[in-house]
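[1] here's a sequence, model it:
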Amino acid sequence: MAARKMPESRIDLRLVRAGLPSAAGELLDEYERHLRLERGLSEHTVRAYVGDIVSLLGFLHGVPNDNDRKPDNRAALEGLDTASLRAWLAELHAHGASRTTLARRSAAARTFTAWARRQGALDSDPGARLVAPRTHRTLPAVLRTDEAGEVLKASGAGAAQLDPEALRDHAVLELLYATGVRVSELCGLDVGDVDFGSRVVRVLGKGGKERVVPFGVPADKALRRWLDEGRRAMVATASKAHPAALFLGIRGGRLDPRAVRRVVHDAVDSVPGAADMGPHGLRHTAATHLLEGGADLRSVQELLGHATLATTQLYTHVTVERLKAIHDRAHPRA
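    Below is the predicted model:
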């Protein structure tokens with residue numbers, strides 16, 4: 001099997017996919033449809049899963065390869081066994097892939113081989129015998145309560161100027177911190193998803209699962225001002241505004257996750273000493289502050305839309321680390 005001539009991180013997976021044999025390409029297209037339509041995964045998740053399998057199939061068929069060697073045009077998954085899966089992971093490791101990346105690629109491969117076995121493309125499931133490397137769980141960076149307050153205070157001062165974009169950004173920050181929703185969930189919200197009477201928002205999460213998340217008075221005020229003044233002004237100046245989207249971009253379309261990341265980075269950067277973070281950092285922060293305020297794990301799991309309690313338990317480690325730091329600073333016997 002041909003060894004790659006460049007680090008895996010530099011390979012353009014679009015070119016790899018285009019160079020795959022037709023049988024492999026067709027199977028990959030079918031798998032992508034399965035992820036998107038049958039499993040209902042988000043576009044971001046689908047791209048990640050498919051990209052991992054493109055990497056695997058490129059390795060299996062010798063794409064990319066030496067210029068004097070044509071891609072192996074055998075059947076789509078001929079030669080795919082546990083040994084080839086391990087060889088693929090070993091090559092990724094040799095090119096500097098982290099344990100976290102290897103664990104994710106292993107999980108993607110197991111998901112794919114199990115699906116291929118059900119589809120009859122494989123006689124057996126080689127991924128079932130693939131052991132993923134153990135990852136080092138890193139604690140997410142979170143803001144202190146006073147830092148979160150300063151971030152929202154600063155964005156609120158900008159919104160006080162009644163600039164439509166500033167009103168939107170303040171509402172975005174307030175809602176992210178109040179609810180802990182994912183950035184994709186926030187951008188997918190429609191105006192009709194907000195119930196001001198009950199102060200809850202209806203969120204469509206991973207796998208098409210719907211949940212209802214409450215928000216507080218500050219987020220309520222920020223959303224009302226955005227809808228009454230900011231959104232109305234944006235709609236008036238946009239050539240074609242999205243009729244239903246809760247948050248709009250400057251051109252009137254649905255707000256893009258990249259724009260939300262910029263908003264969060266800029267807002268957090270305005271607070272001296274605050275850890276740099278994006279929307280997911282605010283999600284971590286909201287979860288941590290809920291637990292520190294006395295919320296139980298099951299409630300936080302429901303609010304965040306975690307499939308398993310094990311994911312939510314990560315935030316208890318954040319809280320314990322904070323308690324340790326306070327103990328070290330304050331206790332005479334620390």
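
[2] going by C-alpha atoms from here, please, whenever you check contacts or count neighbours.
    OK.

[3] show me where pLDDT drops low in the stretch 201-334 of the chain?
    334 (pLDDT under 70).

[4] which residues in it form helices?
    Here the stretch 201-334 of the chain has its helices, by DSSP state H, counting those that start in this stretch, at 217-225, 232-237, 257-269, 279-292, 297-304, 309-312, 314-330.

[5] list the contacts for His306?
    Thr312 (Cα atoms under 8 Å, 6 or more residues apart in numbering).

[6] and it, backbone torsions?
    Backbone geometry at His306, expressed as degrees, to the nearest 10, gives phi -80, psi 140.

[7] do you know how far Leu41 is from Arg47?
    From Leu41 across to Arg47, the span is 10 Å (Cα to Cα, to the nearest Å).

[8] out of the two, which sits in the more crowded spot?
    Leu41 (18 against 14; other Cα atoms under 10 Å).

[9] now do the same for the more buried one: helix, strand or coil?
    Following DSSP: H, G, I helix; E, B strand; the rest coil, we place Leu41 in the coil state.

[10] and Ser198, how many neighbours?
    9.

[11] which parts of the stretch 51-200 of the chain are strands?
    Counting by DSSP state E, counting those that start in this stretch, the stretch 51-200 of the chain has strands at residues 194-195, 200-204.

[12] so which of those strands is nearest Ile53?
    strand 200-204 (26.8 Å; Cα to Cα).

[13] what's near enough to touch Thr179?
    Thr179 touches 213-215, 283, 286, 303-304, counting by Cα under 8 Å, 6+ apart.

[14] between those residues, which is closest to Leu167?
    Phe215 (17.5 Å).

[15] identify the spatial nearest neighbour of Arg262, chain neighbours not counted.
    Excluding the flanking residues, the one nearest Arg262 by Cα to Cα, 6 or more residues apart in numbering is Gly278, at 7.7 Å.

[16] give the contact list for that neighbour.
    Taking Cα under 8 Å, 6+ apart, one finds 261-262, 264-265 in contact with Gly278.

[17] tell me how far Thr111 lies from Glu32.
    For Thr111 relative to Glu32 (Cα to Cα), the value is 12 Å.

[18] over to Arg211?
    26 Å.

[19] likewise Gly273?
    From Gly273 to Glu32 the distance is 43 Å (Cα to Cα).

[20] low-confidence regions, the stretch 51-200 of the chain specifically.
    64-75, 132-139.

[21] residue boundaries of the helices in it?
    82-94, 99-119, 145-159, 164-179, 183-187.

[22] winner for burial among these?
    Looking across the helices of the stretch 51-200 of the chain with neighbours counted as mean count of other Cα atoms under 10 Å, the highest average goes to helix 164-179: a mean of 24.

[23] can you give the distance from it to the centre of its chain?
    Centroid separation for helix 164-179 versus its chain: 19 Å, with Cα atoms, centre = their mean, to the nearest Å.

[24] related to what we said a few turns ago, by neighbour count, which of the contacts of Gly278 wins?
    The most crowded member of the contacts of Gly278 is Val264, carrying 24 neighbours; neighbours defined as other Cα under 10 Å.
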